[in-house]
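Return a 3D structure for these sequence lines:
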Amino acid sequence: MKTSLDYADYIIFGLVLLISAAIGVVFSLVGGGQKNTDEFLMAGRKMGTLPVTLSLLVSFQSAIMILGFANEMYNYGVMFYYINLAIVIAVIITAVVFVPLFRRIKVTSSFEYLEMRYKARSVRIVGGFLGAITAIFYMGVASYAPSVAINAVTGFPVWASILIVTGVSTFYTTLGGLKAVLWTDVFQFVIMMAGILGIFIKGLMLTGGFGPIFEAMDRGDRLNFAEIDPNPTTRHTIWCVVFGGSLLWISAYGTSQASVQRFNTTPTIGMARRAVLLNIPLYLILVTLVCANGMIVYAYYSNLRCDPLQMKYVENGNQLLPWFVMEVFEDYPGFAGLFMATLFSGALSSNSSTLSAFTAVIWEDYFKPSLGKVSNFKAMLINKIIVLVLGACGTGIALLCQLLGGPITQVGLSLSGAITGPLSSLYLMGIFMPWVNWIGAISGAVSGFLFMFWISFAAKFEKICSYNPPLPNIPTDRCSLVGVNNTMVLNGTYTYNTSTGAYSTVIPLSVNDTSPSSSCSGCCKYSGPQYEGIHNLYAVSYLWYPVIGCLVSIIIANIVSFITGIMKPKDVNPDCVFPPIARCLFSQSQLEKKQLQRAQEDQLEPSDPSSPSIKLMSYTDE
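Residues are numbered from 1 along each chain as shown. Here you go, the predicted structure:
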């Protein structure tokens, strides 16, 4: 088995990094460079559908997805595949509700909406704080994920990988702004698809096609599509994956700064809406391929009757896919480098999106109001410094991620899920509950955040895990040594060539176990199915975190609002409310006056008569 990268791997990997960095240099020079903050933060609001579509897609699909989803299929079965249904729901809601909303009010920072709706800057500050925590933590996990996986099978240092990811993404974001981020995302999407498709095609050839793959998954009880247990402490059921996943992705696609920033880079609302909706087929293709790769890895080792996890060739399931690549692509020069570039492309896209998005937030929400009118040169200098500082923060979080245990998917989603529920509630209440006032909004969001923070970290500290219905392990009776010269020794008597499928007689070998010992930082002390007392709360599936946090926030916000005095319709900006609700709250003349005022202020947004989404901007059209 290949245990290190060769020259071809480093050349391909280096070229991908070099091209990504070069895109930043190009867009720092083309057209006179980034002349003002609108070009730097919003790409001049003239981007086409293709780069916006692909940027939206890869911004949220990092190495966490590539490694984590494969691990899910291998160890826990196909139940997580229902996340596709959640993404479809979230994208449709985003296109119907959030794209028209944020296009209507024309903001640079998504948190500007909170101040406009609740008539209080404090809500904007609280929302920005919660959003920044989510983004920085996610950026750290997205940088750490490929680093630790690559280190486990190649020995490439974790710290070096982290510095490469954060350094390159910070470099091209600082130079080229959002336009460089968008076009780099397009390039990185191509690299990601090349790596994922390569594994998929080779895997089908090795395993014999879809039939043997599904047979192997069925033998291992991993075709568990019908997990309908209503118990919230069960890690994955159709209920938590669909409902919890939907709210998580509504937050990502509908209200996150990265998405709102991209909504407003297109010339028309029709283009913005199409860019969002095109994510449905692209996401389904991408996730299906990634999940299929996880099933391929399972079928491959199941047929060989040798589980790398049990044999401790890898420390955890997040390293299974890299191990598989290093084993079966040993005779393909450069593919390991392409796979490494695939993982790093996912991390680069997520990092650069976060850097650009929250540079806009910090500038619009904090520096711009405080500094007043400043020269373009000074404004650009401040924005570039903000990018550098955020990049340093992301690097620090990534290095700290080594202290976290557990599956990468769960770590990443539990951290963000604990925060996105309360944060999403601020937008959902603003749009659908016009009576909620600023005191209630802040009280609800802060309470929900503290509640979820307590649950998530108490579960980590007490080592309490959600219940995983037991699945059989892959047998190891024909496995004593994996990956020597592309062969697997079976009971010390025969070898199985992983490329050709040929068996041959060998002399028994004596093997010293030099595999890395499994880290126990993420071990479970309590893992169900029965829990006692407060442990039932701590054991709730991480996918329920957004739902619980959102509900707690909404309930407290409504109670506090009614105690302190609800907002009157005359105090609410009609542009900040869902149009059907606005038509019930405001008179026809008020709505027409507001539309006329908006048209005069914005000098009418370029229209796209072919898009039905234009009607969503009107309060009077049915």
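
Residue ranges in this protein under the pLDDT threshold?
Residue ranges of the chain with pLDDT under 70: 1-3, 31-34, 402-417, 480-523, 594, 597-622.

Could you rerun that using 50?
Where the chain drops to pLDDT under 50, the residues are 409, 481-521, 604-622.

Now Thr207: closest residue in space, sequence neighbours ignored.
Nearest residue to Thr207, sequence neighbours excluded (Cβ to Cβ, 6 or more residues apart in numbering): Ala299, at 4.7 Å. In this view, the C-beta of every residue, glycine as well, is placed from N, C-alpha and C.

got the buried residues for the host helix or strand of that neighbour?
If you go by DSSP states H and E, Ala299 is part of helix 279-304. Within helix 279-304, the residues that qualify as buried are 279-280, 282-283, 286-287, 289-304, counting by 16 or more other Cβ atoms under 10 Å.

Please apply the same query to stretch 570-581.
Neighbour-count burial for stretch 570-581, counted by 16+ other Cβ under 10 Å, picks out 572-579, 581.

just to revisit the earlier point, which is the succeeding secondary structure element to the helix holding Ala299?
Next in line after helix 279-304, if elements are assigned by DSSP H and E, sits helix 320-328.

Report the distance from that following helix to the chain centre.
23 Å (Cα atoms, centre = their mean, to the nearest Å).

Stretch 566-581 too?
32 Å.

now do stretch 176-188
Distance of stretch 176-188 from its chain centroid, counting by Cα atoms, centre = their mean, is 17 Å.

which element follows the helix or strand harbouring Phe200 toward the C-terminus?
Taking DSSP H and E as the definition, Phe200 sits inside helix 158-207. Going down the chain from helix 158-207, the next helix or strand is helix 210-219, by DSSP H and E.

So which other helices or strands are in contact with that following helix?
helix 158-207, helix 279-304 (3 or more Cβ pairs under 8 Å, 6 or more residues apart in numbering; DSSP states H and E).

From the buried residues of stretch 570-581, pick the one nearest Ser143.
Nearest to Ser143, judged by Cβ to Cβ, of the buried residues of stretch 570-581 is Cys576 at 35.4 Å.

and that closest one, how far is that from Gly209?
According to Cβ to Cβ, to the nearest Å, Cys576 and Gly209 sit 53 Å apart.

Point me to the helix or strand that includes the closest residue to Leu284 other than its chain neighbours.
Once flanking residues are discounted, Leu284 sits nearest to Asn84: 5.6 Å by Cβ to Cβ, 6+ apart. Assessed by DSSP H and E, Asn84 sits inside helix 83-93.

what packs against that helix?
Using 3+ Cβ pairs under 8 Å, 6+ apart, the elements in contact with helix 83-93 are helix 245-250, helix 269-277, helix 279-304.

what's the residue closest to the geometric middle of this protein?
Phe60 (3.4 Å; Cα atoms, centre = their mean).

Now do the contacts for that one.
Taking Cβ atoms under 8 Å, 6 or more residues apart in numbering, we find Phe60 in contact with 249, 252-253, 258, 350.

who wins for neighbours among these?
Among the contacts of Phe60, the one with the most neighbours (other Cβ atoms under 10 Å) is Ser350, at 32 neighbours.

For my notes, confirm it occurs in a helix.
Yes: counting by DSSP: H, G, I helix; E, B strand; the rest coil, Ser350 is located in a helix.

what's near enough to touch it?
Applying Cβ under 8 Å, 6+ apart to Ser350 gives the contacts 58-60, 62, 138-139, 142.

Apply 10 Å and report the result again.
By Cβ atoms under 10 Å, 6 or more residues apart in numbering, Ser350 lies in contact with 58-65, 135, 138-139, 141-143, 145, 165, 169, 185, 188, 258, 394, 412.

What of Cys524?
By Cβ under 10 Å, 6+ apart, Cys524 lies in contact with 405-406, 459, 462-468, 539.

Could you dump those into TSV and include distance to Lys35, neighbour count and secondary structure?
Output for these, formatted as TSV (distance: Cβ to Cβ, whole Å; neighbours: other Cβ atoms under 10 Å; DSSP: H, G, I helix; E, B strand; the rest coil):
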residue	distance to Lys35	neighbour count	secondary structure
Gly405	47	16	coil
Gly406	46	18	coil
Ala459	49	21	helix
Glu462	54	15	helix
Lys463	54	16	coil
Ile464	54	22	strand
Cys465	52	23	coil
Ser466	51	25	coil
Tyr467	56	20	strand
Asn468	54	16	coil
Ala539	54	26	coil
